[in-house]
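*Asks:* Quick one, fold the following:
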Amino acid sequence: MAEFVQKRLEELLPELEQLERVQLFTKPEVRAVIKKRKEFEYRLQRKRKSLDDYTRYIEYEKNVLQLIWKRRERLGYKHKQADIDHKIVTRICQLYRIATIRFQRQRAALPRLLRTHAHRADVWEAAARYEMEDNNSPETARRLYLRALRLHPESAALWTAHFRMELQYVDVLRQRQSLLGVSEKGAAGEGEDGEGADSDGQDSGGEDGGSGEEEEEDSDEPKRKRRRRSRPGSDPVLQGAVAMVVARQAIARLQEADPKADPCRLLAALLAQCRPFEFAAGLEAQLRAELRDCFPEHALTYDTLAREALSGGRAPGRLRARLEACCAVYEEGLSAAPAADLYPLYVSSLVEAARAAARHRHLVLPRLEAVLERALEAGAATEGALLQAAALYAELGLTERAAAALRAGTERFGASVPLWDQLIQVLAAAGDGDGVCAAFEAAAVAVPDSAAGCGALWLRVLQWAAAHRTTYVERVFGAAAVRSAAVLRPLKAAYLRWLAEQHGLEAARRMFSEHQLRPPVDADLFAAMAELEERQRPVDVARLRDVYRTACRHVGDDRLDLWMAYVRFERERGSPELAAGVYRQAVASLRPEQADQFVAQHAKMVANVVEGDD
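*Replies:* Numbering: from 1, shown residues only. Next up is the predicted model:
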């Protein structure tokens, strides 16, 4: 084995000598390359070779080649490419050939994957995209999409991907024609020249005799047809006709396969795929017409068309004109589509426009305010739309507008935690303490304890009070103490820290003794108390050990951090002989996956301690 490796390294030596001679690599770098190649060559000489050995070797050689190119670019040195770069490229190709011959089963990996996971539409899409984008095989990609759609006609993602693939294929064809010099102008010029030559032939044929003229005219007709067919502008395939067929089939078959599916959303997604392709303007117009004709009462139809008008399409103009066109489409839609569906989309579009047009927000904000007011009057404003508008106002420093929108939202959606939370944040940022207190008290009445995020809302108010209105902290915690566990649990640790900061450690200890085992038992409360005890000098070892023991006994089944802190405490400040017992208790108490993590972290901690002692 060693002699073969040595022979290979000697064959690779000349290019490395050249690299050092022309100062693209330093001597230590050349030695590092030799060492790395030696490792790879030994791997390739083993009896049992793996595909990873080849792929890692190939990846390493590619990285070396890219480094050479970067240094050539930096130094402006373009010589010796045949002696260096080309040899590395040849070696990479050779490694690829050997790997493909040795691991031929890998070629069939994709078909095996599709046979095993034929029920997954995303696997079919990934396979087809690989064939189209990486393997440059549009025919294979098309066959895969057709097979996939026979199995999954209800998959909108597959239809969209197939449509995009057809557009990519047309783009490749048009680029190929452009490289070959075939254009509409050239094709038209060729046709005119050909017709002129034919007419000359007809004139000369006429001088010879009438029968010759008739034969010449008959022979010219198919030539003209062939010329017309050769023009790219007249070829429907190059204009996206196949993609249009796919789009129409997608709409029809999606409705057949899944009556609950939304074909309008699919058509809007197909329309969005046309934007990157310059040749697809006509196809885009057809899809817009299909959208209007087939779904005239769908809110998404007008949202799609309005957003396109706002972006300006392929020829964007001034923002004022685009904004007016966008709003005109939405206003048209309000008379045809359900207002409850369209108003949120209308507001979202204007919010995005205001964020994008930093210099022209004075054009967007009045329209946004008017639309939001109309939506509230019509009862069509949603929680999401109000949050979007309020967030925009808050970003721009328009606190009063943000608070007004959020108050209107809380009147309509009284149990919405996000609306109350956003309102409290806006009022707190504006320094309106009385407003924060009033909003919190209203939220405490309107929001049920079971609502998601209710505890976080109470915690936010407690933290605000601790920082800005300390007299309000006791009131908030007292109100939480008579609520459910979902409200009280998040507040315990924060209230404990505030007590220690404002009234001293003894007050915190009294609160901890009162609440440590009162339901709901909170692991964060134990962690906070342990942190406070560890800050004391000297540390009350017995008291801190009691905190850890109680915590691990009641909430130690899923708190890896508490066990690690307990072990670290015994090793560093407590009794090292007790650390082994804590370790065994932790392994027995924690869940299996966390027990494994605990063992690994404990081993790392012990290793670090040993290294520090050395």
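*Asks:* where are the low-confidence patches of this structure?
*Replies:* 1, 106-107, 182-234, 609-614 (pLDDT under 70).
*Asks:* and it, what are its domains?
*Replies:* Domain ranges of the chain: 2-106, 382-447, 451-529, per automatic domain parsing.
*Asks:* Of all these, which one is nearest Phe279?
*Replies:* domain 2-106 (34.1 Å; Cβ to Cβ). Yep, even glycine has a C-beta here, placed from its N, CA and C like the rest.
*Asks:* Would you mark the buried spots in stretch 498-505?
*Replies:* Neighbour counts over stretch 498-505 (16 or more other Cβ atoms under 10 Å) mark Trp498, Leu499, Ala500, Leu505 as buried.
*Asks:* element containing the first one?
*Replies:* Under DSSP states H and E, the secondary-structure element containing Trp498 is helix 485-503.
*Asks:* if we look at that helix, which residues are touching it?
*Replies:* 449-450, 454-456, 458-459, 462-463, 466, 470, 473, 476-477, 480-481, 507-508, 511-512, 515, 519-520, 522, 524-525, 527-529, 532 (Cβ atoms under 8 Å, 6 or more residues apart in numbering).
*Asks:* before we move on, what about stretch 578-597?
*Replies:* 552, 556-558, 560, 563, 566-567, 570-571, 598-599, 602.
*Asks:* I'd like to know which of those are buried.
*Replies:* Judged by 16+ other Cβ under 10 Å, buried ones among these: Cys552, Gly556, Leu560, Trp563, Tyr566, Val567, Glu570, Arg571, Phe598, His602.
*Asks:* who's in contact with the third one?
*Replies:* Shown in contact with Leu560 (Cβ under 8 Å, 6+ apart): Leu590, Gln594, Gln597, Phe598, Gln601.
*Asks:* And the closest residue to Ala380 other than its chain neighbours, its phi and psi?
*Replies:* Counting by Cβ to Cβ, 6 or more residues apart in numbering, Tyr343 is the residue found nearest to Ala380 once chain neighbours are left out, at 4.0 Å. In terms of degrees, to the nearest 10, the main-chain angles of Tyr343 are phi -60, psi -40.
*Asks:* Near Tyr343, how many other residues are there?
*Replies:* Tyr343 has 26 neighbours, counted by other Cβ atoms under 10 Å.
*Asks:* Next, the contact list for it, please.
*Replies:* Leu334, Val371, Arg374, Ala375, Ala378, Ala380, Ala381, Thr382, Ala385.
*Asks:* right, and the first one touches Ala340 too?
*Replies:* No: contact between Leu334 and Ala340 fails when scored by Cβ atoms under 8 Å: they sit 10.7 Å apart.
*Asks:* The two - which one has more neighbours?
*Replies:* Leu334 (18 against 14).
*Asks:* ok, now how distant is the more buried one from Ala579?
*Replies:* In this view, Leu334 and Ala579 are 71 Å apart by Cβ to Cβ, to the nearest Å.
*Asks:* returning to that earlier point: now distance to Lys47 too, for the buried residues of stretch 498-505, in a markdown table please.
*Replies:* Shown next, in a markdown table, are those (distance: Cβ to Cβ, whole Å):
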| residue | distance to Lys47 |
| --- | --- |
| Trp498 | 69 |
| Leu499 | 70 |
| Ala500 | 67 |
| Leu505 | 69 |
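*Asks:* hang on, the earlier thing: widest-spaced pair of the buried ones among the contacts of stretch 578-597?
*Replies:* Of all pairs in these, the most separated under Cβ to Cβ is Gly556 and Arg571 at 17.9 Å.
*Asks:* Pull out the buried positions in the helix or strand where Glu400 lies.
*Replies:* Using DSSP H and E, Glu400 maps to helix 399-412. Neighbour counts using 16+ other Cβ under 10 Å place Thr399, Arg401, Ala402, Ala403, Ala404, Ala405, Leu406, Arg407, Ala408, Gly409, Thr410 of helix 399-412 among the buried residues.
*Asks:* Next: stretch 485-499.
*Replies:* Within stretch 485-499, judged by 16+ other Cβ under 10 Å, the buried ones are 486-499.
*Asks:* Among the contacts of helix 485-503, name the buried ones.
*Replies:* Among the contacts of helix 485-503, the ones that count as buried by 16+ other Cβ under 10 Å are 454-455, 458-459, 462-463, 466, 473, 476-477, 480, 508, 511-512, 515, 522, 525, 527-529, 532.
*Asks:* returning to what we had before: and which of the contacts of Tyr343 is nearest to Thr116?
*Replies:* Thr382 (43.0 Å).
*Asks:* so that closest one touches Leu345, yeah?
*Replies:* No: contact between Thr382 and Leu345 fails when scored by Cβ under 8 Å: they sit 9.8 Å apart.
*Asks:* What ranges does the stretch 451-600 of the chain have for its helices?
*Replies:* 454-468, 473-481, 485-503, 505-515, 523-535, 541-555, 560-572, 576-589, 592-613 (DSSP state H, counting those that start in this stretch).
*Asks:* so which of these comes closest to Pro28?
*Replies:* The nearest among these, by Cβ to Cβ, is helix 592-613 at 28.5 Å.
*Asks:* Just want the angle from the closest one to helix 560-572.
*Replies:* If you take axes from the mean of the first three to the mean of the last three Cα atoms, to 10 degrees, helix 592-613 sits at 30 degrees to helix 560-572.
*Asks:* tally of neighbours for Leu387?
*Replies:* 19.
*Asks:* Repeat that for Ile88.
*Replies:* 17.
*Asks:* Distance check, it against Glu377.
*Replies:* 71 Å.
*Asks:* Nearest residue to Leu342 in space, please, no chain neighbours.
*Replies:* Ala299 (4.2 Å).
*Asks:* my guess is that neighbour meets Asp341, correct?
*Replies:* Yes: the pair Ala299 and Asp341 passes the contact test of Cβ under 8 Å, sitting 3.7 Å apart.
*Asks:* Show me which of those two is the more surrounded one.
*Replies:* Ala299 (23 against 17).
*Asks:* how about the closest residue to Ala523 other than its chain neighbours, what does it touch?
*Replies:* Distances taken as Cβ to Cβ, 6+ apart put Val555 closest to Ala523, at 4.1 Å, once the chain neighbours are dropped. Contacts of Val555 were listed using Cβ under 8 Å, 6+ apart, and they are Val521, Asp522, Ala523, Phe526, Leu562.
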